[in-house]
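J.: Let me see the structure of the following:
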Amino acid sequence: MKESPRLYLLDGSSYIYRAFYGVRDLATSGGMPTNAVFGFTRMLLGLLQEHTPEYLAVVFDRPRDETFRREIYPEYKANRDAMPEDLVPQIPYIRKVLEALNIPTLEAPGFEADDVIATLARRTAEEGIRVTVVTGDKDLMQIVNDKICLLDTMKDSCSGPQEVLERFGVPPERVPDVLGLSGDTSDNIPGVPGIGEKTAAKLVKQFGSLEGVLRWRSLVNGKKCRENLHAYQDQALLSKTLATVRYDVDLPVSLSDLQRRQPNLTELLPLLRELEFEALAVAFTPPPAGVVEIHCDGSGQTSGPGGYGVILRYGEHERELSGFEPSATSQRMELLAAIRGLEALNSPKTVRVFSDSQYLVRGMSQWVQGWIRKGRMYTPGALINQDLWQELVSLASKHRISWEWQPGHAGHPFNERCDKLAKRAAATGMHAAVKDRPEPLDQKEKRPPLPPPARQSPVSLHREAVVFESDEDGQLRLC
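T.: Numbering: from 1, shown residues only. Alright, predicted model coming up:
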């Protein structure tokens, strides 16, 4: 069954700050700070590549002085510092990036991004569209339901109703009641003195709502708590109002307005190069006309489980492949990744294969002819991984192909994606293997713990200095 369409709403203001503080000390050669623009754009690129949203919008906050919450409570968010000086000149560039990506941006006078997100998410969900809100803000947990979830790309975690219940101890619709009692220091919402989040959740769960807690405060344990509930009941109700998102923002936008469109590359690529984001420019640059790019990587240990990741690119089209092998060396996974990529081509093509494996690239571009000439390719036992080399040579002979090496884990967007696909496939495969293992006859025997995903050591950026310096075939040196 085909999944229903999904709308992604990104909390832009929240992610700008997360990008600014998550990436430090980045500037152009002319000295203009670019850390927030880079972090924000890289996060967007990851979202587009991993989730391929059909509908997407980025939502921004208005200046805090212009919101209705500031009007009813002037101290709302008054504890927050002004925007950092290094961030101010980056905001226009973030908006330029979004414009070049053809991603709509939304904001509404008098309201915050949370209100816009809540209104649009509920309206869209009621139309049968699933909604993913991309944010790290806990306040938005109140809008979660069976059609609306929160995605925190920084933590790679999703929150549905069960996760909200585990986080707050109450269902999503009661999160504002908890915050009304406990307050929220990040937004300078006062709450009731002496009542923390755990106590607030317990009280809301016991009495059904903040209003129920206030109505039956005589039954609350603790004299001081009862006194504070009486003395600060108006403050509690105000705090709940401040913490409650609005669902009535006037948004003259339709779902079709948010449909994902192709980037405007004539604007985007020069902008990324102006900002000196060469790796990000590579990620958005399509392959040359008529050329298929295959980016591939393998993940494994000296021997044991492994995974592979492949990205095929042709024109504006892109496809990901990944898989798991229960027993394989890291070199076999590198070869297998290239094999799976070539297997996906259904007719002869002009192909460029990119890999961070010298073993693969040198083997196919330099050593293979020598192996064939000397008879090693088809003499049983003459080559390590002979079965895969033979299969790879057979597949490669069908295409006009070049093999290109790139330093691994050096910021290249496709190499990093392939590495992530490979490690994820390995971890998923290991988990499934443990889960499917039959129960031991002795029920007291414990299952072995799930092995962690294989980690590869970081590759030095100076690796090029020693690349391909020898003419030997490398079977022993690189295996």
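J.: Just to check, residue 66 is in contact with residue 112?
T.: No - using CB atoms under 8 Å, residue 66 is not in contact with residue 112, being 9.6 Å away. Placement of C-beta: from N, CA and C, glycine included.
J.: Those two: which has the busier surroundings?
T.: residue 112 (29 against 13; other CB atoms under 10 Å).
J.: got the contact list for that one?
T.: Contact partners of residue 112, counting by CB atoms under 8 Å, 6 or more residues apart in numbering, are 61, 62, 67, 69.
J.: cool, residue 401 as well?
T.: 350, 351, 352, 353.
J.: Over to it. Which of the three states is it?
T.: Secondary structure for residue 401, judged by DSSP: H, G, I helix; E, B strand; the rest coil, is strand.
J.: what's across from it in the sheet?
T.: Beta-bridge partners recorded for residue 401 (DSSP bridges): residue 351.
J.: what separates it from residue 223, distance-wise?
T.: Computed as CB to CB, to the nearest Å, the residue 401 to residue 223 distance reads 80 Å.
J.: Relative to residue 20, how far out is the residue positioned nearest the centre of the chain?
T.: Centrality entry for the chain: nearest residue to the mean C-alpha point is residue 153, 3.9 Å, by CA atoms, centre = their mean. As judged by CB to CB, residue 153 and residue 20 stand 16 Å apart.
J.: pLDDT below threshold where in the protein?
T.: Applying pLDDT under 70 to the chain flags residues 1-3, 64-65, 409-410, 433-479.
J.: all strands for it, in order.
T.: With DSSP state E as the criterion, the chain has strands at 6-11, 55-59, 105-106, 130-134, 148-152, 157-159, 291-299, 306-314, 317-325, 350-355, 400-405.
J.: closest one to residue 229 among those?
T.: Of all the strands of the chain, strand 157-159 sits nearest to residue 229, with 29.5 Å by CB to CB.
J.: Of the contacts of residue 401, which is the most crowded?
T.: Taking other CB under 10 Å as the neighbour criterion, residue 353 ranks highest of the contacts of residue 401 with 26 neighbours.
J.: who touches that residue in this structure?
T.: Neighbouring residues of residue 353 by CB under 8 Å, 6+ apart: 294, 296, 338, 341, 342, 361, 364, 401, 402, 403, 404.
J.: Same list (those residues) but as a markdown table, adding distance to residue 188.
T.: Shown next, in a markdown table, are those (distance: CB to CB, whole Å):
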| residue | distance to residue 188 |
| --- | --- |
| 294 | 53 |
| 296 | 51 |
| 338 | 56 |
| 341 | 53 |
| 342 | 59 |
| 361 | 57 |
| 364 | 61 |
| 401 | 61 |
| 402 | 59 |
| 403 | 58 |
| 404 | 54 |
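J.: For ChimeraX, write a command that selects the buried ones of the residues you listed.
T.: Command for ChimeraX that selects the buried part of the contacts of residue 353, burial taken from 16 or more other CB atoms under 10 Å:
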select :294,296,338,341,342,361,364,401,403
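J.: Closest to residue 309 out of the contacts of residue 353?
T.: Nearest to residue 309 among the contacts of residue 353: residue 296, at 7.0 Å, using CB to CB.
J.: and the residue nearest to the closest one when sequence neighbours are not counted, how far is that from residue 358?
T.: Nearest residue to residue 296 in three dimensions, chain neighbours excluded: residue 337, at 3.7 Å (CB to CB, 6 or more residues apart in numbering). To residue 358, residue 337 is 14 Å away according to CB to CB.
J.: So for the two, which sits in the more crowded spot?
T.: residue 337 (30 against 18).
J.: Spit out the contact partners of that one.
T.: Taking CB under 8 Å, 6+ apart, we find residue 337 in contact with 296, 297, 298, 308, 309, 310, 355, 418, 422.
J.: go with 6 Å
T.: By CB atoms under 6 Å, 6 or more residues apart in numbering, residue 337 lies in contact with 296, 297, 298, 308, 310.
J.: Identify the residue nearest the second one in space, chain neighbours excluded?
T.: What it means is residue 297. In space, residue 297 is closest to residue 418, 3.7 Å off (CB to CB, 6+ apart).
J.: pretty sure that neighbour is touching residue 312, no?
T.: No - using CB atoms under 6 Å, residue 418 is not in contact with residue 312; the gap is 10.8 Å.
J.: on that earlier part again, distance to residue 181 added to the contacts of residue 337, as TSV?
T.: Listed next are the contacts of residue 337 as TSV, based on distance: CB to CB, whole Å:
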residue	distance to residue 181
296	54
297	50
298	53
308	51
310	52
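J.: tell me the two of those residues that are most distant?
T.: 298 and 310 (9.7 Å).
J.: Which one's more surrounded, the two?
T.: The neighbour count for residue 298 versus residue 310, taken as other CB under 10 Å, is higher for residue 298 (32 against 28).
J.: Quickly list what the more buried one is bridged to.
T.: Bridge pairing for residue 298 (DSSP bridges) gives the partners residue 308.
J.: Distance check, it against residue 86.
T.: 40 Å.
J.: For residue 181, grab the count of nearby residues.
T.: For residue 181, the neighbour count with other CB under 10 Å is 28.
J.: Find the nearest non-adjacent residue to it, please.
T.: Leaving out its chain neighbours, the residue that sits closest to residue 181 by CB to CB, 6+ apart is residue 200, at 3.7 Å.
J.: residues contacting the nearest residue to residue 420 once chain neighbours are set aside?
T.: Excluding the flanking residues, the one nearest residue 420 by CB to CB, 6+ apart is residue 309, at 6.9 Å. By CB under 6 Å, 6+ apart, the contact list for residue 309 reads 297, 322, 418, 421, 422.
J.: So which of these wins on neighbours?
T.: Counting neighbours by other CB under 10 Å, residue 297 leads these with 32 neighbours.
J.: Could you verify my assumption that it touches residue 421?
T.: No - proximity of residue 297 to residue 421 does not meet the contact threshold set by CB under 6 Å, at 7.6 Å.
J.: From residue 387, how far out is the nearest residue to residue 209 once chain neighbours are set aside?
T.: What sits nearest to residue 209 in space, not counting adjacent residues and going by CB to CB, 6+ apart, is residue 177, at 5.2 Å. According to CB to CB, residue 177 and residue 387 sit 64 Å apart.
J.: okay, those two: which has more neighbours?
T.: The neighbour comparison of residue 177 against residue 387 (other CB under 10 Å) goes to residue 177, with 29 against 10.
J.: ok, that one to residue 202 distance?
T.: From residue 177 to residue 202 the distance is 12 Å (CB to CB).
J.: Show the contacting residues for residue 94.
T.: If you count contacts by CB under 6 Å, 6+ apart, then residue 94 has 37, 40 around it.
J.: And residue 351, by the same measure?
T.: Applying CB under 6 Å, 6+ apart, the residues near residue 351 are 292, 399, 401.
J.: Mind splitting the chain into its structural domains?
T.: When the chain is parsed with automatic domain parsing, its domains come out as 6-243, 286-438+450-466.
J.: how about these in TSV, adding distance to residue 276?
T.: Converted to TSV, the domains of the chain look like this (distance: least, CB to CB, whole Å):
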stretch	distance to residue 276
domain 6-243	5
domain 286-438+450-466	12
